[in-house]
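Engineer: When you get a sec, could you give me coordinates for this:
(one chain, ligands or ions: 1)
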Amino acid sequence: MTDQRVAIVTGASRGIGRAIAARLAADGRHVVCVARSEGPLNELVSEIQSSGGSASAKTCDISDFGAVAALVEGVAEEHGRLDILVNNAGITRDNLILRMDDDEWDAVIDTNLKSVFVACRAAARPMMRGKFGRIVNIASTSGIVGNAGQSNYAAAKSGLTGLTKSIARELGKKNITANCVAPGFIETDMTKDLPAGVIEHIKGVISTRDLGKPEDIAECVAYVTSDGAGYLTGQTIAVDGGMTMC
Ligand code: NDP
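Structural biologist: Below is the predicted model:
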């Protein structure tokens, strides 16, 4: 068993997950980078290794629940420990409620909520064995205040907060914390196709008057997963430039 803390970061092939993986590796964790696209994962692992960090890549479709459970259990077995789980991978299938079909609802609930439950359940045992755990689920301000056209996404992200608080209550006595980090509008592929007018409107309601960067989220996740953050649990921390303040 290695002395180094072992972290799993899902959705590490780009955007927020990539920044989180790079940051946790820079902080000395061994990071297992997970997504469906092998090429970008391998590039990230090479980048981390060439700056002296430690990482490995695992491809997995997290909407395949058996595969997610096997991935988490496999990492814990391979390294003899699992300290940090960051459930970051997520999708959108936006539509107004009148037009939203069952497939759009199910895809978002399966990928953004059920897969996180499955990953947390698989991580609980190895974290209990190691008497340490930091679970971070990447939620969204849409899950806090809702968003027109995102009833599926907001329901999944809001569901994450209830899931996370319940895990925090169950596992706190085992030195395992569980928190949500809820990004506001962050510059990634997920937001790049928003019309310019919408971006300008969004900037107007953000106190800092700009969209966030993936590194803004990674900074918060680095703290929440640190050894020193053991008294922080069951929280949803909005990293949104002061957009929601609730
Ligand atoms: P991106 O679309 O840029 O990246 C999504 C990541 O998730 C990719 O690495 C993708 O990898 C992975 N992913 C998607 N589906 C699956 C799947 N079925 N199995 C495995 N991996 C998958 O999104 P962001 O970086 O913007 O978002 C990251 C998280 O932050 C998401 O949970 C999102 O909901 C949340 N968020 C983002 C906000 C924003 O403004 N950007 C705002 C609020 C929340 P691949 O395609 O290779 O599988």
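
Engineer: going forward, measure contacts between C-alpha atoms and count neighbours the same way
Structural biologist: Noted.

Engineer: Give me the most central residue, this structure.
Structural biologist: Nearest to the geometric centre of the chain sits N88, at 2.1 Å (C-alpha atoms, centre = their mean).

Engineer: how close does it sit to G143?
Structural biologist: According to C-alpha to C-alpha, to the nearest Å, N88 stands 14 Å off from G143.

Engineer: Spell out whether stretch 182-194 and the ligand are in contact.
Structural biologist: Yes - contact of stretch 182-194 with the ligand (C-alpha under 6 Å from any ligand atom) involves 183-191.

Engineer: Find the residue closest to I109 in space, skipping its chain neighbours.
Structural biologist: Leaving aside its sequence neighbours, I109 sits nearest to A156 (C-alpha to C-alpha, 6 or more residues apart in numbering; 5.4 Å).

Engineer: who touches that neighbour in this structure?
Structural biologist: Taking C-alpha atoms under 8 Å, 6 or more residues apart in numbering, we find A156 in contact with 108-109, 112-113, 143.

Engineer: and which of those is nearest to the ligand?
Structural biologist: N112 (6.6 Å; C-alpha to the nearest ligand atom).

Engineer: Now do the buried residues in the longest helix belonging to the chain.
Structural biologist: Counting by DSSP state H, the longest helix found in the chain is helix 151-171. For helix 151-171, burial by neighbour count (16 or more other C-alpha atoms under 10 Å) applies to 151-161, 163-165, 167-168, 171.

Engineer: got the residues of this structure near the ligand?
Structural biologist: Residues of the chain found near the ligand (C-alpha under 6 Å from any ligand atom) are 11-17, 35-37, 60-63, 88-91, 111, 138-140, 183-191.

Engineer: measure the residue in the chain sticking out farthest from the centre to the ligand for me?
Structural biologist: The centre of the chain is farthest from one residue, L98, which by C-alpha atoms, centre = their mean lies 29.3 Å away. The spacing between L98 and the ligand, counted by C-alpha to the nearest ligand atom, to the nearest Å, is 22 Å.

Engineer: Please apply the same query to G66.
Structural biologist: G66 is 12 Å from the ligand, where distance means C-alpha to the nearest ligand atom.

Engineer: Kindly tell me how buried that residue is, as a neighbour count.
Structural biologist: When neighbours are counted by other C-alpha atoms under 10 Å, G66 registers 13.

Engineer: Spit out the contact partners of it.
Structural biologist: Contacts of G66 by C-alpha under 8 Å, 6+ apart: none found.

Engineer: now could you export just the CA positions of the one helix or strand it maps to as PDB?
Structural biologist: When elements are defined using DSSP states H and E, G66 is found to belong to helix 65-79. Taking Å, rounded to 0.1, in the frame of the first residue of the first chain, the C-alpha atoms of helix 65-79 are listed here in PDB:
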ATOM      1  CA  PHE A  65     -23.500   1.400 -13.200                       C
ATOM      2  CA  GLY A  66     -21.800  -2.000 -13.000                       C
ATOM      3  CA  ALA A  67     -18.800  -0.400 -14.700                       C
ATOM      4  CA  VAL A  68     -18.600   2.500 -12.200                       C
ATOM      5  CA  ALA A  69     -18.800   0.100  -9.200                       C
ATOM      6  CA  ALA A  70     -16.100  -2.100 -10.700                       C
ATOM      7  CA  LEU A  71     -13.900   0.900 -11.400                       C
ATOM      8  CA  VAL A  72     -14.100   2.300  -7.800                       C
ATOM      9  CA  GLU A  73     -13.600  -1.200  -6.300                       C
ATOM     10  CA  GLY A  74     -10.700  -1.900  -8.700                       C
ATOM     11  CA  VAL A  75      -8.900   1.300  -7.900                       C
ATOM     12  CA  ALA A  76      -9.200   0.700  -4.200                       C
ATOM     13  CA  GLU A  77      -7.900  -2.900  -4.600                       C
ATOM     14  CA  GLU A  78      -5.000  -1.900  -7.000                       C
ATOM     15  CA  HIS A  79      -3.700   0.800  -4.700                       C
END
